[in-house]
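**Q** Predicted model and sequence below, questions to follow.
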Amino acid sequence: MATATFKIWRGDRTAGHFTDYTADISDGMVVLDAIHAIQASQANDLAVRWNCKAGKCGSCSAEINGMPKLMCMTRLNTLPLDQPITVQPMKTFPLIKDLVTDVSWNFEVKKKIKKFKPRKPDAPDGTWRMDQSDVDRVQEFRKCIECFLCQDVCHVLRDHHMHAEFIGPRFLVYAAALEMHPLDTEDRLEDLRKTDGIGLCNITKCCTKVCPESITITDNAIIPLKERVVDRFFDPLGRLFRVFSK
Amino acid sequence: MAEYQTFEHDVLIIGAGGAGLRAAVEASASGVKVGVITKSLLGKAHTVMAEGGVAAAMGNVDDRDNWHVHFSDTMRGGQYLNNPRMAELHAKEAPDRVRELEAWGAVFDRTPDGRILQRNFGGHKYPRLAHVGDRTGLEMIRTLQDHGIHQGIDVHMECTVVTLLKSGDRIAGAFCYERERGRYKLFRAKAIVLATGGIGRAFTITSNSWEYTGDGHSLAYHAGATLMDMEFVQFHPTGMIWPPSVRGLLVTEGVRGEGGILVNNQGKRFMFDDIPANYKNQTADTPEEGWRYTQGDKNSRRPPELLTRDHVARCIMREVREGRGSPHGGVFLDIAWIKEKLPNAAEHIKKKLPSMYHQFKQLGDIDITTERMEIGPTTHYMMGGVRVDGDTQMSDVPGLFAAGECGAGLHGANRLGGNSLSDLLVFGKRAGEYAAKFAKSNSAANIDMAQVDAAAKEALEPFARTGENPYQIQHDLQEMMQDKVGIVRLENEMEEALDGIMKLRERAKHVSVTGNREYNPGWHTALDLNNLLTVSEAVTRAALLRKESRGAHFRDDYPLKDEQFGTFNLIVRQGKNGEMNVTREALPPMADELKKIIEEMK
């Protein structure tokens, strides 16, 4: 049976290092299979998050050969197996242990975004009517599995650590899903501009590239939100400015 | 006496899947203090895997549908071992539970006139499943999660229950450990709702995640509650079987709902060969009629691929056993063939079944719009669970409730697809409501600290031993259950399994864990073993006693249904000396009104 070498990050908050493990590989294997095999036979205490193993829960996010990916959806036959495969935790979040990071910041951010507020029901029985064509856009955003790979790769968070000023691509997509929901009546534009820091995104599209659900994060969610913010807050000011400067 | 970080809640919910979150939302809306414990992060529960939809007789697509039809479909699918009161409440309340999700922000697929779209599914007479493509479970869990976080519910993530605590007869709290630091947490609660899901990890080939180790079943059993219908484990007919690393991964029934057919290695569509008598009237006579049904023709009857899951799984096993299987031991599921019928079939398939397209493309190098899928049965769902009162969801232990997969009663001997998501909404809500009522009318019970200290000590013992690796014991149990208590059962094999479980119990007593307490999956696996062994024993003992074949339970030595066995449920209780007792209990009486509905719908 063929084998491959995995360089896996082992460590906790205080210190860590890569450890080499060798695992047998078979047809169709994904990185998470190899991690499980190593865990079951060589390193029982190797910490890793996973649930569905089908790309639907977004638990097993990691950086594989430096690329943010879901371990359960990364086939070994897409990687060069003649060299060691590095598997390390997401860099943007504090390490708990081995491949597990503290992603609790994301849950706190979500709580601050104003919740869904529907308009009055359309029909006497308390239900609404929506066209499929009107919900297609929102359904794209609602595919998000909250793997936080977009947050991991976003340089505003990853390199500049602006977690206090910027909610990150995941929550811009979340805000977009609410703002563009055909039934929603809440207004989140002021928050997006001020507390959510939408202006900090400079559209490098790294988030879109790593999204395992292929959500067009930048083009379909962030840019339209930026346009709404600009229309609301900057256009009228510009007009006022022009009035006074005449 | 040791000191533990202690939390107080009126209602404590164990599990944050659909049932747990729905219970939490309901309890907290009634003004009590609610805590939720979840083994994983919030929003990752197994509910996200549910694909096809949520069954609710709203009649948006076919106005002949109503609760009477849904009720009788559920009873027929469950071979009449269901708790009729639960089947009634479920059929009546599911539509409101679905509509309320829309009020909380869920975005279901739409009908042409803008209402919630509903699709066909196995065993449902009319198109009944509200859905979002094939990711309905994700939509539900996200909706409940996002609604719940604004209600002031305390969520304890990555926290696992070691044992339930009682005061006299009634529930008093739960003793847990959190994974991050491996520290203990003590929860005092006036009422507890178990919503821990199923037991799929007792088997090798399963669609279930690592969390599905029968925790709620086992915790309730050890706390003195009664389990019921434990012999009924659902094997979903269509799991992926190739490549090996994805074996067991679910292929939604929605593929068949959209027109997918099952064929053997001779290219024959074999499901027409064996149609059960009680479904003859509802099943298409010809492939053409079946196709028309999937495309919404109200005058056609459903194709035999949409018979109940137990039956379809057995037909697949028959083809494999008789040498007509696919190369890797399954059969073929073909949706690509619909290109003969539809001009833009490839686009249609991608739109209707996006995550299936994605899953096969990425994990199996197969394009389902042009190629057939290889599929076979996979452990999917546990019909059995904690026996509860149909209205309140309270178990035999005062203050201990159960909802969703870890509860029993709604599904009887076999669950219909789509009835799980509606189950967790309807009974999650009821459990939350009645747990809150219980909490309001009872004061907090005392915690027996000696019991807590003993549990704390025992849970740490694996660190002090040098013994066997927990993963090996888990693996051996799974292989044995798969082989001997799986889809086709035999007396002597199950006796061997029972013997094997006893030996594994001995081995589990000597399990050892390496490393320290911080985020240690080996330790977790060691602690899960007791739950897995308990539910495996209950499944095996109940399966031995049911000497007939009914629903998901198939005995090769008793291949026929036996009327006499249709009059009782098997219940499982712990005896005075810790032994496991399985006894018969007559079915609950059915209201005359319900009997009449069943007669009318025959």
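**A** All right, it came through fine.
**Q** B:Phe7 contacts B:Asp154, doesn't it?
**A** Yes - with contact defined as CB atoms under 8 Å, B:Phe7 and B:Asp154 form a contacting pair (7.4 Å). Any C-beta I mention is one placed from the backbone N, CA and C, and that applies to glycine too.
**Q** Which neighbours do the two have in common?
**A** By CB atoms under 8 Å, 6 or more residues apart in numbering or on different chains, B:Phe7 and B:Asp154 have these common neighbours: B:Gly35.
**Q** The two: which has the busier surroundings?
**A** Neighbours were counted for B:Phe7 and for B:Asp154 using other CB atoms under 10 Å in any protein chain shown; B:Phe7 has more, 19 against 14.
**Q** Just say helix, strand or coil for that one.
**A** Taken by DSSP: H, G, I helix; E, B strand; the rest coil, the conformation at B:Phe7 corresponds to strand.
**Q** Spit out the contact partners of it.
**A** B:Gly35, B:Asp154, B:His156, B:Lys185, B:Leu186, B:Phe187, B:Arg188.
**Q** what two of those residues have the greatest distance between them?
**A** Farthest-apart pair in the contacts of B:Phe7 is B:Asp154 and B:Leu186; separation 14.3 Å (CB to CB).
**Q** contacting residues for the spatially most central residue of chain A?
**A** Computing the C-alpha centroid of chain A and ranking residues by CA atoms, centre = their mean puts A:Phe148 first, at 3.0 Å. The contact partners of A:Phe148, taken as CB under 8 Å, 6+ apart, are A:Gly58, A:Ser61, A:Met90, A:Phe93, A:Val103, A:Asn106, A:Arg170.
**Q** And the third one, how close does it get to chain B?
**A** Read it as A:Met90. With the distance defined as CB to the nearest CB, to the nearest Å, A:Met90 ends up 13 Å from chain B.
**Q** Closest one of the contacts of B:Phe7 to B:Gly43?
**A** Within the contacts of B:Phe7, the smallest distance to B:Gly43 is 14.3 Å, found for B:His156 (CB to CB).
**Q** which of the contacts of B:Phe7 are buried?
**A** Those of the contacts of B:Phe7 that meet the buried threshold are B:Gly35, B:His156, B:Lys185, B:Leu186, B:Phe187, B:Arg188, by 16 or more other CB atoms under 10 Å in any protein chain shown.
**Q** Any chance of those in JSON lines with secondary structure, distance to chain A and pLDDT as columns?
**A** Listed next are the buried ones among the contacts of B:Phe7 as JSON lines, based on DSSP: H, G, I helix; E, B strand; the rest coil; distance: CB to the nearest CB, whole Å; pLDDT from 0 to 100:
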{"residue": "B:Gly35", "secondary structure": "strand", "distance to chain A": "15", "pLDDT": "98"}
{"residue": "B:His156", "secondary structure": "strand", "distance to chain A": "12", "pLDDT": "98"}
{"residue": "B:Lys185", "secondary structure": "strand", "distance to chain A": "16", "pLDDT": "98"}
{"residue": "B:Leu186", "secondary structure": "strand", "distance to chain A": "22", "pLDDT": "98"}
{"residue": "B:Phe187", "secondary structure": "strand", "distance to chain A": "20", "pLDDT": "98"}
{"residue": "B:Arg188", "secondary structure": "strand", "distance to chain A": "24", "pLDDT": "97"}
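**Q** And those residues, which is closest to B:Thr213?
**A** B:His156 (18.5 Å).
**Q** which residues does the residue lying closest to B:Gly15 once chain neighbours are set aside contact?
**A** Using CB to CB, 6 or more residues apart in numbering or on different chains and skipping the chain neighbours, the partner closest in space to B:Gly15 is B:Ala195 (3.6 Å). Contacts were defined as CB under 8 Å, 6+ apart; by that measure B:Ala195 touches B:13-17, B:19-20, B:23, B:216, B:402-404, B:406, B:424, B:428, B:431.
**Q** which SSE is the residue in chain A that chain B sits nearest to in?
**A** Relative to chain B, the nearest point of chain A is A:Gly28 (2.2 Å; CB to the nearest CB). Counting by DSSP states H and E, no helix or strand carries A:Gly28.
**Q** Is it in contact with B:Pro243, as I believe?
**A** Yes - here A:Gly28 reaches B:Pro243: they are 2.2 Å apart, a contact under CB under 8 Å.
**Q** intersection of neighbour lists for these two?
**A** Taking CB under 8 Å, 6+ apart as the criterion, A:Gly28 and B:Pro243 both touch B:Leu363, B:Gly364.
**Q** wait, is B:Tyr177 part of a helix?
**A** No - judged by three-state DSSP, B:Tyr177 forms no part of a helix; its state is strand.
**Q** Now for B:Phe121, how many residues are close by?
**A** 25.
**Q** Give me the three-state assignment for it.
**A** Once three-state DSSP is applied, B:Phe121 turns out coil.
**Q** Return the per-residue confidence for it.
**A** Per-residue pLDDT puts B:Phe121 at 89.
**Q** go on, A:Arg242?
**A** 60.
**Q** Now the phi/psi pair for whichever residue of the stretch 301-450 of chain B sits closest to chain A, please.
**A** Closest approach between the stretch 301-450 of chain B and chain A, counting by CB to the nearest CB: B:Gln362, at 5.9 Å. Main-chain torsions, B:Gln362, degrees, to the nearest 10: phi -80, psi -40.
**Q** Can you show me the helices along chain A?
**A** A:31-41, A:104-112, A:132-141, A:149-153, A:155-158, A:168-179, A:189-193, A:206-210, A:223-229, A:235-244 (DSSP state H).
**Q** neighbours of the residue of chain B found nearest chain A, just the number please.
**A** Chain A sits closest to B:Pro243 of chain B, with a gap of 2.2 Å, by CB to the nearest CB. Counted by other CB under 10 Å, the residues lying close to B:Pro243 total 19.
**Q** Enumerate every residue touching it.
**A** Counting by CB under 8 Å, 6+ apart, B:Pro243 makes contact with A:Ser26, A:Asp27, A:Gly28, A:Met29, B:Leu363, B:Gly364.
**Q** Filter those residues down to the buried ones.
**A** A:Gly28, A:Met29, B:Leu363, B:Gly364.
**Q** Save the residues you listed as TSV, and put in pLDDT and distance to B:Gly114 too.
**A** Formatted as TSV, the buried ones among the contacts of B:Pro243 follow (pLDDT from 0 to 100; distance: CB to CB, whole Å):
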residue	pLDDT	distance to B:Gly114
A:Gly28	89	42
A:Met29	94	45
B:Leu363	91	36
B:Gly364	91	37
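**Q** domains of chain B?
**A** Split into domains by automatic domain parsing, chain B comes to B:18-187+B:199-232+B:383-441, B:239-378, B:449-566.
**Q** Check which residues of the helix or strand where B:Ala172 lies are buried.
**A** Using DSSP H and E, B:Ala172 maps to strand B:170-178. Residues B:Ile171, B:Ala172, B:Gly173, B:Ala174, B:Phe175, B:Cys176, B:Tyr177, B:Glu178 are the ones in strand B:170-178 that count as buried (16+ other CB under 10 Å).
**Q** Same check on stretch B:434-450?
**A** B:Tyr434, B:Ala435, B:Ala436, B:Lys437, B:Phe438, B:Ala439, B:Ala445, B:Ile447.
**Q** Tabulate those residues (a markdown table), appending pLDDT and distance to chain A.
**A** What follows is those, written out as a markdown table (pLDDT from 0 to 100; distance: CB to the nearest CB, whole Å):
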| residue | pLDDT | distance to chain A |
| --- | --- | --- |
| B:Tyr434 | 98 | 24 |
| B:Ala435 | 98 | 24 |
| B:Ala436 | 98 | 22 |
| B:Lys437 | 98 | 25 |
| B:Phe438 | 98 | 29 |
| B:Ala439 | 98 | 25 |
| B:Ala445 | 93 | 31 |
| B:Ile447 | 95 | 28 |
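**Q** Cheers, nothing more for now.
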